[in-house]
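> sharing a sequence plus its predicted fold:
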Amino acid sequence: MASFVSGAFNHPGVFLDRAQLEFIRLNVNLGLDPWKSAYKDMMNSSLAALDRPATPFVNVECGSNSNPDIGCKAERQDALASYAMSLAWVITRNHTYADKAISYFNAWSYTLQSHNNSNAPLQSGWSGASWTRAAEIIRYTYNGWNATDVTQFENMFRNVYIPILINGSTSNGNWELVMMEAVQGMAVFINDEDVYNRAMSKFLLRVPAYIYLTSDGELPLSTPTNNLTTPAKIIKYWQYQTTFVDGLTQETCRDFAHTGYGLASIGHVAETARIQGNNLYPDNAARGQGPNGTDVQLGKRLRLSLELHSTYDGGAVPAPNWLCNGTIGRGLGPVTEVGYDIFHTRMWYNMPYTKNLTESQRPAGTNYLFLGWETLTHANNWVW
């Protein structure tokens, strides 16, 4: 198995590093937009209320579409609330926010024992992705989290989350992408190189099987575990789309919302990988690590996919007949800020449709699943 970490992990090192956190703090405190408005928007959210109680469950049971919902919404939103509190702590240096984040961590880590039912892996990925961002910030910027409680939180990751996530999924691609996002973050938090490498290996197999490039051939690539052995099976898995263009995803013709989840996780994982010393954005990165030894080309895939979907998401440009039979489910969601920052702000690519969509949606808020306040964290955040 390839190694994706050289030496010790960098901390804080999940999605945001110390320089980026300082960039956010400085711009909000200087009263500059869009960061000031984005921070105000986050703090006006019910998730940022200091009197909001944690509601942990022993066993979280989530079926399809969260039916049943036994702790599903509560877990996701408590995790996002802890992330809001961690960002508020960084920006204000008010320990009340850090302590509130810790109250969520402790409530769940001393209670949660399992995830069950059909959506358990996805639920674990969504919640886990938010937990890791928040906990990494608090652990490495605040000295008020008791060591015993930190260990308990680590144990929750090791015993409850990682076992249900690490083997991935053969469901629609957004599942496996957010599952590997969560495992990657947990691996950083618990300083486990083996778990990190397993997550990254599976992630790099999934990205080229999720976003199509014409260089892949006549049909999209597949992960080894998906058993898509015939063209008919591939086309069915790609929502019966038969015309493939650069940037199309496996879920484009399902709807743009689920596509947005997948694109968001790809950007999130790539950001954490960059912080850990593995820049996946150049076209020559991760060569030979895709399905059947193909090149991953993560940066090119994500950049073209964001621009393709942004072109049609606003509704000004109608969907052509070849795309999903001319009928698309718009609603990409607050998912473009990170990719736009990467490719336009840092790498100088011209992305006019992504620019228009990103700026029209500011300040990007939360989808109450695993996305949170990315205008605040990544608008023009060019600090490397």
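Yes, it's here.

> and what about the closest residue in space to D295 that isn't next to it in sequence, helix, strand or coil?
Once flanking residues are discounted, D295 sits nearest to R287: 5.0 Å by Cβ to Cβ, 6 or more residues apart in numbering. For the C-beta atoms, the positions are set from N, CA and C on the backbone; glycine is no exception. Look at R287: counting by DSSP: H, G, I helix; E, B strand; the rest coil, its state is coil.

> how many other residues sit next to R287?
Other residues near R287 come to 12 when the count uses other Cβ atoms under 10 Å.

> quick one: the residue sitting nearest the centre point of the chain from P56, how far?
For the chain, the residue nearest the mean C-alpha position is S265 (3.1 Å; Cα atoms, centre = their mean). Plainly put, S265 is 25 Å away from P56 if you go by Cβ to Cβ, to the nearest Å.

> I342 too?
Distance, I342 to P56, by Cβ to Cβ: 35 Å.

> who's more crowded, these two?
Between I342 and P56, counted using other Cβ under 10 Å, the more crowded position is I342 (23 against 18).

> let me see the contact set for that one.
With contact set as Cβ atoms under 8 Å, 6 or more residues apart in numbering, I342 has these partners: G267, A270, E271, Y281, G299, L302.

> just the closest of those to A2, please.
Of all these, A270 has the smallest distance to A2: 16.0 Å, by Cβ to Cβ.

> I figured that closest one hits L302, correct?
Yes - A270 lies in contact with L302 (Cβ atoms under 8 Å); the separation is 7.3 Å.

> look up phi and psi at S114.
phi -160, psi 160 (degrees, to the nearest 10).

> quick one on the thing from earlier: what about the residue nearest to the centre of the chain, which helix or strand?
Here S265 sits within helix 256-275, counting by DSSP states H and E.

> for S305, same thing?
Assigned by DSSP H and E, S305 belongs to helix 298-313.

> for that helix, packing partners?
Contacts defined by 3 or more Cβ pairs under 8 Å, 6 or more residues apart in numbering; DSSP states H and E place helix 298-313 against helix 193-210, helix 256-275, helix 337-340, helix 352-360.

> out of the ones you listed, flag the one nearest G13.
helix 256-275 (4.6 Å).

> the closest one vs helix 298-313, what angle?
150 degrees (axes from the mean of the first three to the mean of the last three Cα atoms, to 10 degrees).

> ok and helix 256-275 relative to helix 193-210, angle-wise?
Helix 256-275 and helix 193-210 meet at an angle of 140 degrees, taking the same axes, to 10 degrees as the criterion.

> gap between the nearest residue to L304 once chain neighbours are set aside and E22?
Ranked by Cβ to Cβ, 6+ apart and with sequence neighbours excluded, the top spatial neighbour of L304 is G247, at 3.6 Å. Per Cβ to Cβ, G247 is found 34 Å from E22.

> now swap in T375 and tell me
17 Å.

> higher neighbour count, those two?
Using other Cβ under 10 Å, the more surrounded residue of T375 and E22 is T375, with 26 against 12.

> identify the residues contacting the more buried one.
P34, W35, A38, P334, E337, R362, P363, A364.

> which SSE is it in?
Using DSSP H and E, T375 falls within helix 374-378.

> how far off centre is that helix?
Put simply, helix 374-378 sits 13 Å off its chain's centre (Cα atoms, centre = their mean, to the nearest Å).

> quick one: average pLDDT of it?
The pLDDT scores in helix 374-378 average 98.

> what residues of that helix count as buried?
Buried residues in helix 374-378, defined by neighbour count with 16 or more other Cβ atoms under 10 Å: E374, T375, L376, T377, H378.

> with stretch 141-149 instead?
By neighbour count on 16+ other Cβ under 10 Å, the buried set for stretch 141-149 is T141, Y142, W145.

> please produce JSON lines containing these, extended by distance to Q241 and secondary structure.
Shown next, in JSON lines, are the buried residues of stretch 141-149 (distance: Cβ to Cβ, whole Å; DSSP: H, G, I helix; E, B strand; the rest coil):
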{"residue": "T141", "distance to Q241": "45", "secondary structure": "helix"}
{"residue": "Y142", "distance to Q241": "47", "secondary structure": "coil"}
{"residue": "W145", "distance to Q241": "47", "secondary structure": "coil"}
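
> mind putting those into JSON lines with pLDDT and distance to G329?
Shown next, in JSON lines, are the buried residues of stretch 141-149 (pLDDT from 0 to 100; distance: Cβ to Cβ, whole Å):
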{"residue": "T141", "pLDDT": "98", "distance to G329": "40"}
{"residue": "Y142", "pLDDT": "98", "distance to G329": "42"}
{"residue": "W145", "pLDDT": "98", "distance to G329": "42"}
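
> tell me the domain ranges of the protein?
50-164, 166-332 (automatic domain parsing).

> just send those domains back as a markdown table, with distance to V28 too.
A markdown table is the format used below for the domains of the chain (distance: least, Cβ to Cβ, whole Å):
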| stretch | distance to V28 |
| --- | --- |
| domain 50-164 | 5 |
| domain 166-332 | 20 |
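
> looking at the ones you listed, which is closest to A8?
Between the domains of the chain, domain 166-332 lies closest to A8; by Cβ to Cβ that is 7.6 Å.

> now the closest one, how far from the centre of its chain.
12 Å.

> what is the burial count for the nearest residue to M179 once chain neighbours are set aside?
Nearest residue to M179 in three dimensions, chain neighbours excluded: G125, at 4.0 Å (Cβ to Cβ, 6+ apart). By other Cβ under 10 Å, 28 other residues sit near G125.

> look up how far L177 lies from G125.
Separation of G125 from L177 (Cβ to Cβ) stands at 8 Å.

> and what of A88?
With Cβ to Cβ as the criterion, A88 and L177 are 28 Å apart.

> and the two? Which one has more around it.
Higher neighbour count among A88 and L177: L177, with 26 against 22, using other Cβ under 10 Å.

> quick one, what contacts that one?
Applying Cβ under 8 Å, 6+ apart, the residues contacting L177 are F203, R206, V207, Y210, Y261, G262, S265, I266, V269.

> let's go with 7 Å and repeat that
F203, R206, Y210, G262, S265, I266 (Cβ atoms under 7 Å, 6 or more residues apart in numbering).
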